[in-house]
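Colleague: Structure here, sequence nowhere to be found:
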């Protein structure tokens, strides 16, 4: 590299230290992501909540709810089955059971303080906010 080019480059950093800070800050934020082959998973916002769940007309049994993002993403672990839910912020909820495709579901409250999504119901201290 010719000396004039490297001096001009060095001088530009000298006269604009803010750009150096932007670059360093960007690299610092990106560094933990370098080398990752998987997309980042959201960390749960709370500890899993113990609930009682019912699948269809089956019996009530112990289950766990994990909230990834309050009001937007959560899952139920019922036995060995994991059921994911996502709310789009406009009133629409979708559900994914295992590796099946996401399907829209209707949420409704039951008379006994249960929350159901098309046949999958949960009751207990459901974290709503």
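Modeller: Cool, got the structure. If you're wondering where the values come from, they're calculated on a predicted model, not measured in any experiment.

Colleague: rest of the way, CA atoms for contacts and neighbours
Modeller: OK.

Colleague: any idea which element the residue lying closest to residue 102 once chain neighbours are set aside lies in?
Modeller: In space, and not counting its chain neighbours, residue 102 is closest to residue 96: 4.6 Å by Cα to Cα, 6 or more residues apart in numbering. Residue 96 belongs to strand 93-97 when assigned by DSSP states H and E.

Colleague: List the buried residues for that strand?
Modeller: For strand 93-97, the neighbour count (16 or more other Cα atoms under 10 Å) marks 93, 94, 95, 96 as buried.

Colleague: Tell me who's in contact with the third one.
Modeller: If you count contacts by Cα atoms under 8 Å, 6 or more residues apart in numbering, residue 95 has them with 83, 84, 85, 86, 102, 103, 104, 105.

Colleague: for the last one, same thing?
Modeller: Counting by Cα under 8 Å, 6+ apart, residue 96 makes contact with 83, 84, 85, 102, 103.

Colleague: and the one helix or strand the third one maps to, what other elements does it pack with?
Modeller: Right, residue 85. If you go by DSSP H and E, residue 85 is part of strand 81-87. Packed against strand 81-87, as judged by 3 or more Cα pairs under 8 Å, 6 or more residues apart in numbering; DSSP states H and E, are the following elements: strand 73-78, strand 93-97.
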